[in-house]
Structures are given as C-alpha cells and as structure tokens.
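Student: Based on what follows, work out the 3D shape:
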Amino acid sequence: MPDFKFSGSNHYTSPLPIYDKQSITNANSNDQRPPRPNIALSKDRKRRLFPLVKHPHDSGSHDSNAPVEFTTRARDEIKKTLFLKEYGSQHSTRKISNTIDNKSLYSSDSSLFSLSHSQMTDGSSILTQEKSVNIPYVSQAPLIPLVTEIALEHAVPSDFSDMYTRSTLLTNRMLPNGRPEFTVRNLIDWTLNDTRSLLIINELRPEWGNKLPKIIGSVLRGSKYRFQLLPLYCSDEFLIESLVSSDIYLEANLDHEFRLRSATYIVKTARERHELMAGGVKEIFMSLQKFEWRNIIENFLLNLAVEAQCRYDFKHNCSEYKKWKMQQQGISIHETPQKIYLSPSEKDMLWQQCQSFVYGRLNLDWKPDALNDI
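Tutor: Here you go, the predicted model:
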C-alpha cells in the first residue's frame, strides 16, 4: 500500500529543538549537560521533520522552561494549521505527538486536517513519534447484480414437494413435473391460469433485491404473467384481497362480487381446518404451512375455473336452446336467435344442467346452484 503523501508549499523553516522537562538542569543540580533536543527524523533520516510540540495542557501547568522564542513560534504555528483542537476533560493529560513534515504542515491546501474522511481510509500510514499507525482499508464486498427480469420457465417453481402433504403425494398418481395428477383439469384456459397460480409466491428471493422482477418470454402470445407475493403469515383480509386481485382467470371477466364471495368462503374454510389441526387454538393471523397455503390458492383457482367453464357452456347452450325453440315455432334458423327469449325458469334449468355436467366430468361432489345465486 503506498505511503500517504502531502503536497504543499516550498516554504521551509529550520526546526527548533524541544526541551524535555526532565532533561533540563535544575538550579541546584551539578549536572551541566545541555538538554537533548527531541526531534523526529523522517524515514531516510536526511531531513528533519517539524519538532514535536507539547501543548500547555499536557503538563498541567502554564509554566514552561522552553525559550520564549520557541513558545511564541509554536503557538503561531498551531494557530495556522489547526494542529490542536479543543479536547475534553478525558484528553487533558494526553500528549499530542504526531510528527508531520514541515512541508505538509505549512501547506494550507493539503494539510492532514483538510482531508476528507474518505481520503483517510485508503490504507495510508501516518508517522507518529512512537511508531507508524496504519489506517486499515475496509474493502467492500462485490455487489451481486440484481435480477430485474426473469424468463417464465425460470419463474415457475421446479420443486413442489412442500406444497402437498405426504399422504397426498403417496395416494395420488404423480405427473412428470412432480405434481399430483389432479392439478391438471380439463377446463377452459386451465394451463394458462394454473401457471399464474404458481407465480403466487410466499417470499422473495435474495437476488431480487426486495423487489419482484418482471416476467418475460411468455409462452402464450398476449398472456399476462406477473409475480404476486402472498406470505404464509398474514391476515384473513389480506389473503382474500390477494386472491381477488390476482390475475387468475382475468380474461373470463368474472364479476368482482363472485371473486370476493369465492375467496371469502375459501379462506373461512381454510381457517376452520387450520384451527382443527391446531387443536382448537384460535390465531389472529394464521401461521400457514406451505401445503395449507397452496391449498387455498388451488381451491380458488378451481372455483374460478369451474365458474368460467359453466358460464361458457351456459352461453353456448342458451344459443342452442333458442335455435331449438325457433324450429319448434317454425321460424327459420337463418333469422337472429335473439328474437326468441328464454324464460327465467328455462335459464335456470340450463344453468343447472351446465353445472351438473361440469361437476360430473371433474368428479366433484358439488351441488348445482340456482341461476339467481350466481
């Protein structure tokens, strides 16, 4: 590590000696040896550094045995360079012993005290009276590039072992991707929306930098994919709102009231099951296990998928039923079927037929609803 260098003026002053109190001869002493100057030398010992100055506070007294010329000169130099600052009571007996080159001390542009904090932490060394003090260099760890975009194939989880109970994994046929067979349903737009449900995550990844990345490279043209954060520990209201505001079956245009009613029912049922597993303990916020959390999402997905399929089938069956009525009344089928109206009872019958057919095809033990209940 290179030495810390100062650049200053070309003004030099011959150093004056500093007299150590202990070496000065007392009036009553027989030792007449001259006092020994206490002068620090540079590393190459070819030039003298500025003599060390003892602050009057160090001795505990304002009396000094040094020559008046030196005392006055030292005081002026201290004022020029701000070498000494105000010290608290805890520093009143501490000696200031930094020896600094005359050149640097006389420079007002590059003195030690004009350097910024960042300049003082580059591993440079500063000479002191006793030894060289190395200021350590604190290296910063290399920054890990943040992931702001991620391809869809990498965004979808590859391990599903914690999303299902052990008994579910043992009693169901498993697909090649490691999920149970019932996660594939013969319903409208199922694959698209099942993928969206897998993009609901319970925690952020470290490389994302506390922000959800954008998903790129959609498999289906025009499809919308995005991450959504739904923690394992949150309020029932947050669970419900997260489900309602998700992109699951976005294109089906299911009304907000239906989505809200479905999410509310599913979360309520999940809470009852969770409290039963916990021995009746009631929690303000449920501490969901991963398989409970995934079950809530999949139930919401299935409810919306069945509803979307039934509404699609209902619209198609109403159109076909109108054509049949036109034939019964002798009206040409080339005319607009909208001229034939269906009664509420006919619509209710068609709706229940659609539900019964879809439920039966999926082996669901659900009971059909009346049309005015949807």
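
Student: only C-alpha atoms for contact and neighbour calcs from this point on.
Tutor: Fine.

Student: now the helices for this structure?
Tutor: Taking DSSP state H to define them, one finds helices in the chain at 56-59, 68-81, 102-106, 152-155, 166-171, 190-198, 236-244, 256-277, 290-328, 344-361.

Student: and the ones you listed, which is most packed in?
Tutor: helix 102-106 (a mean of 22; mean count of other C-alpha atoms under 10 Å).

Student: quick one: average pLDDT of that helix?
Tutor: Averaged across helix 102-106, the pLDDT comes to 39.

Student: rewinding a little: worst average pLDDT in the helices of the chain?
Tutor: For these, the weakest mean pLDDT is recorded on helix 102-106, namely a mean of 39.

Student: Take the helices of the chain and lay them out in TSV including distance to residue 370.
Tutor: Formatted as TSV, the helices of the chain follow (distance: least, C-alpha to C-alpha, whole Å):
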stretch	distance to residue 370
helix 56-59	96
helix 68-81	92
helix 102-106	93
helix 152-155	40
helix 166-171	33
helix 190-198	25
helix 236-244	23
helix 256-277	14
helix 290-328	13
helix 344-361	6
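
Student: Go through those and name the closest to residue 284.
Tutor: Ranking these by proximity to residue 284 (C-alpha to C-alpha) places helix 236-244 first, at 8.6 Å.

Student: Run through who's touching the closest one.
Tutor: 230, 256, 259, 260, 263, 264, 267, 285, 286, 297, 300 (C-alpha atoms under 8 Å, 6 or more residues apart in numbering).

Student: Can you tell me which of these is nearest residue 171?
Tutor: Looking across these and measuring by C-alpha to C-alpha, the closest to residue 171 is residue 297, at 21.0 Å.

Student: With residue 231 as the reference, measure out to the closest one.
Tutor: 12 Å (C-alpha to C-alpha, to the nearest Å).

Student: Could you do residue 152 as well?
Tutor: Per C-alpha to C-alpha, residue 152 is found 21 Å from residue 231.

Student: same thing with residue 163?
Tutor: Applying C-alpha to C-alpha to residue 163 and residue 231 gives a distance of 14 Å.

Student: now do residue 320
Tutor: Counting by C-alpha to C-alpha - residue 320 and residue 231 are separated by 46 Å.

Student: what do you get for residue 209?
Tutor: Residue 209 is 17 Å from residue 231, by C-alpha to C-alpha.

Student: more neighbours, the two?
Tutor: Comparing residue 209 with residue 231 by other C-alpha atoms under 10 Å, the one with more neighbours is residue 231, at 18 against 14.

Student: pLDDT score assigned to the closest residue to that one other than its chain neighbours?
Tutor: Nearest residue to residue 231 in three dimensions, chain neighbours excluded: residue 202, at 4.3 Å (C-alpha to C-alpha, 6 or more residues apart in numbering). Here, the pLDDT recorded for residue 202 equals 97.

Student: now swap in residue 253 and tell me
Tutor: 95.

Student: Flag the shaky bits of the stretch 1-150 of the chain, pLDDT-wise.
Tutor: For the stretch 1-150 of the chain, the stretches flagged by pLDDT under 70 are 1-142.

Student: Now with 80, please.
Tutor: Applying pLDDT under 80 to the stretch 1-150 of the chain picks out residues 1-144.

Student: Distance of residue 176 relative to residue 159?
Tutor: The value you get for residue 176 to residue 159, if C-alpha to C-alpha is used, is 12 Å.

Student: what touches both of these two?
Tutor: By C-alpha under 8 Å, 6+ apart, no residue touches both residue 176 and residue 159.

Student: How many residues are close by residue 363?
Tutor: 9.

Student: and if you look at residue 201?
Tutor: 18.

Student: can you pull the contacts of it?
Tutor: Contacts of residue 201 (C-alpha under 8 Å, 6+ apart): 227, 228, 229, 230, 231.

Student: So for the fourth one, what's the pLDDT?
Tutor: Per-residue pLDDT puts residue 230 at 97.

Student: what's the closest non-adjacent residue to it?
Tutor: Closest to residue 230 by C-alpha to C-alpha, 6+ apart is residue 202, at 4.9 Å.

Student: can you give me phi and psi for that neighbour?
Tutor: phi -100, psi -10 (degrees, to the nearest 10).

Student: From residue 352, how far off is it?
Tutor: Residue 202 is 37 Å from residue 352, by C-alpha to C-alpha.

Student: Same check on residue 145?
Tutor: Where residue 352 is concerned, residue 145 sits at a distance of 55 Å (C-alpha to C-alpha).
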